[in-house]
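Visitor: Provide a 3D model corresponding to the input given below.
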Amino acid sequence: MKFAVIVFPGSNCDIDCYKAVEDTIGQKVDYVWHTATDLSGYDAILVPGGFSYGDYLRCGAIARFAPVMSEVVKAAEQGKFILGICNGFQILTEAGLLPGALLRNENLKFRCHSTLLEVVNNNTAFTNQYSQGEIIDIPIAHGEGNYYCDDATLAQLKANNQIVFRYKAGANPNGSVEDIAGISNERGNVVGMMPHPERAIDQILGSEDGKRMFTSILNAWREQHGAAVNG
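Guide: Down below sits the predicted model:
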């Protein structure tokens, strides 16, 4: 399996994502610059956190127009696995690959700490190694992670089981509607989340609950290709 980690000017979690793939599942991974115009050689695409283009205008609003994003959209349409983390989530919403928007945190402060999440949907390519309803410890680091969508979109997210993660009841750090921390597209091959699983792959970091996101992706890919995950 081969992963692409997209790098925009201002990305700062690209190395974390690269190392998470390399150290957790030992698969091939490349940094791909935002000017790239071909992602056909990759099976999964990670859109990392950071401050793409300095977060000018709106978070993700400029990155959404980078040449590589046309290829990300194409890859999503082909059913490839796309994971947007933090700023990556913001970029995916700006690009129309995921519904809704990320607003300023309710308390208008940057929040950077461990957060408890509930796995709402473990039937995705990104969560198949978790248990339904499991509480996991994944850190956040964002100033604009307040997920918002209108009532019609929220009803659709619920009806299609597109809410993947919620902040544990009473632990919502940013005011997100319905405590939403991560969602998928209707097809389930694109997921965006504000917390950082790539920062929770070893107990020395405080949690290794993020490892199973990467083993889940590998498991889903191998199932598609008729091979089982070893170990």
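Visitor: would you work out how far apart the start and end of stretch 200-218 are?
Guide: End-to-end distance of stretch 200-218 (C-alpha to C-alpha, to the nearest Å): 17 Å.
Visitor: hmm, I was thinking of stretch 140-148
Guide: Between the opening and closing residues of stretch 140-148 lies a distance of 17 Å (C-alpha to C-alpha).
Visitor: name the residues that touch that stretch?
Guide: Contacts to stretch 140-148, defined as C-beta atoms under 8 Å, 6 or more residues apart in numbering, come from residues 49, 55, 59, 86, 90, 100-106, 109-115, 173-177, 180-181, 183, 194-196, 199. C-beta here means a position set from N, CA and C on the backbone, and glycine is covered the same way.
Visitor: how about stretch 167-177: buried residues?
Guide: Buried residues in stretch 167-177, defined by neighbour count with 16 or more other C-beta atoms under 10 Å: 167, 168, 172, 173, 174, 176, 177.
Visitor: which SS state does residue 68 fall under?
Guide: Following DSSP: H, G, I helix; E, B strand; the rest coil, residue 68 is assigned to helix.
Visitor: quick check, pLDDT for residue 226.
Guide: With respect to pLDDT, residue 226 has a value of 80.
Visitor: er, residue 47 I mean
Guide: As predicted, residue 47 sits at a pLDDT of 98.
Visitor: which helix or strand contains the closest residue to it other than its chain neighbours?
Guide: Spatially, and ignoring its direct neighbours in sequence, residue 47 is nearest to residue 88 (3.3 Å; C-beta to C-beta, 6 or more residues apart in numbering). According to DSSP states H and E, residue 88 maps onto helix 87-94.
Visitor: what do you get for residue 222?
Guide: Taking DSSP H and E as the criterion, residue 222 maps to helix 211-224.
Visitor: wait, a strand at residue 18?
Guide: No - residue state for residue 18 (three-state DSSP) corresponds to helix; a strand is not indicated.
Visitor: for it, grab the count of nearby residues.
Guide: Counted with other C-beta atoms under 10 Å, the neighbours of residue 18 add up to 19.
Visitor: ok, it touching residue 31?
Guide: Yes - counting by C-beta atoms under 8 Å, residue 18 does reach residue 31; the two are 6.5 Å apart.
Visitor: joint contacts of those two?
Guide: Common contacts of residue 18 and residue 31, defined by C-beta under 8 Å, 6+ apart, comprise residue 5.
Visitor: residue ranges in the chain under the pLDDT threshold?
Guide: By pLDDT under 70, the low-scoring segments of the chain are 227-231.
Visitor: mind listing the strands for it?
Guide: With DSSP state E applied, the chain shows strands at 2-7, 28-33, 44-47, 81-85, 101-103, 111-119, 135-142, 146-148, 163-167, 180-184, 190-193, listed in chain order.
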